[in-house]
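> Kindly generate the corresponding structure for this input.
(2 chains)
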Amino acid sequence: EADIYQTPRYLVIGTGKKITLECSQTMGHDKMYWYQQDPGMELHLIHYSYGVNSTEKGDLSSESTVSRIRTEHFPLTLESARPSHTSQYLCASSGLQGRNEKLFFGSGTQLSVL
Amino acid sequence: GNSVTQMEGPVTLSEEAFLTINCTYTATGYPSLFWYVQYPGEGLQLLLKATKADDKGSNKGFEATYRKETTSFHLEKGSVQVSDSAVYFCALITQGGSEKLVFGKGTKLTVNP
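Below is the predicted model:
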């Protein structure tokens, strides 16, 4: 099955802290994505990458940043967390193109900022 | 632009009931259509897909038919189980290497014993 991992599963931190959400995949996929999922379950694309050293902002503006130094690793960083950042963050990857695109998702990180 | 509209939830059914979750789309060109499922506490996983008109995707007793004339891809299951309780997302992608999946807002299904 899918080999995409997110850590931590749950994170509770105070306002102003810097955090990094980890996402790794062992499938050699070029495309990787970060989604923010609100309590109503809607998904919002916040970042994506089509390969090493390639990162783009998604449809929803986010104060987070991402990096893609290695194919398998796509971490998301918040320099100064705020309560408004409380959400579920889902990472995904895909090795296929166009009409055959299939996303593999990690289990998510539930972030709570107090 | 491309968009997906799903019926709003939540949907609550009794075990063995018939399920329909409506999905309609707007897209330039001819999209591929997908249903993803998110079980509690997990990420999404692909449930089924169809890549051209009149194709039927099926998996785990779920079916959906790509209807170009009505721009629809409704999800159906003849007899739901408690284990089908999850959030279901309809999605599309159009041809072209830089296109990204467009998701609907999700429909939460609860099946009671």
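> lowest-confidence helix or strand of chain B?
strand B:102-103 (a mean of 91; mean pLDDT, DSSP states H and E).
> burial count for the closest residue to residue A:79 other than its chain neighbours?
Of all residues not flanking residue A:79 in the chain, residue A:18 sits nearest, at 5.4 Å (Cβ to Cβ, 6 or more residues apart in numbering or on different chains). Every residue, glycine included, has its C-beta placed from N, CA and C. With neighbours defined by other Cβ atoms under 10 Å in any protein chain shown, the count for residue A:18 comes to 10.
> In this structure residue A:18 contacts residue A:85, no?
No - in this structure, residue A:18 is not within contact of residue A:85 by Cβ atoms under 8 Å, at 11.7 Å.
> which neighbours do the two share?
residue A:78 (Cβ atoms under 8 Å, 6 or more residues apart in numbering or on different chains).
> can you give me phi and psi for the residue in chain B that chain A sits nearest to?
Nearest residue of chain B to chain A, counting by Cβ to the nearest Cβ: residue B:43, 3.1 Å away. Backbone torsions of residue B:43, given as degrees, to the nearest 10, read phi -80, psi 180.
> which bits of chain A sit near chain B?
Residues of chain A found near chain B (Cβ under 8 Å from any Cβ of the partner chain) are A:2, A:4, A:6, A:33, A:40-43, A:45, A:48, A:50, A:90-92, A:97-108.
> And the buried ones among those, selectable in PyMOL?
The following PyMOL line selects those of the residues of chain A next to chain B that are buried, judged by 16 or more other Cβ atoms under 10 Å in any protein chain shown:
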select buried, chain A and resi 2+4+6+33+41+42+43+45+48+90+91+92+99+101+102+103+104+105+106+108
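> Give the full set of residues in contact with the residue of chain B closest to chain A.
Residue B:43 neighbours (Cβ under 8 Å, 6+ apart): A:4, A:6, A:90, A:91, A:92, A:105, A:106, A:107, A:108.
> what's the closest of these to residue B:48?
Proximity of the contacts of residue B:43 to residue B:48, judged by Cβ to Cβ, is greatest for residue A:105, which lies at 15.9 Å.
> who's the closest one bridged to?
residue A:92 (DSSP bridges).
> I'd guessed it sits against residue A:4; true?
Yes - using Cβ under 8 Å, residue A:105 makes contact with residue A:4 at a distance of 6.8 Å.
> any residues in contact with both of the two?
A:91, A:92, B:43.
> Nearest spatial neighbour of residue A:94, chain-adjacent residues omitted?
residue A:31 (4.4 Å).
> As a check, name the ranges of all helices in chain B.
Per DSSP state H, chain B carries no helices over any range.
> near chain A, which residues of it show up?
Counting by Cβ under 8 Å from any Cβ, chain B sits next to chain A at B:31-32, B:36, B:38, B:41-46, B:49, B:51, B:87, B:89, B:93-101, B:103, B:105-106, B:108.
> what's near enough to touch residue A:41?
By Cβ under 8 Å, 6+ apart, the neighbours of residue A:41 are B:38, B:87, B:105, B:106, B:108.
> Also residue A:113?
A:13, A:14, A:15, A:17, A:81, A:82, A:83, A:84, A:85, A:86.
> Adding neighbour count, write the residues you listed out as TSV.
Below are those laid out as TSV (neighbours: other Cβ atoms under 10 Å in any protein chain shown):
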residue	neighbour count
A:13	16
A:14	9
A:15	12
A:17	14
A:81	22
A:82	12
A:83	10
A:84	9
A:85	19
A:86	15
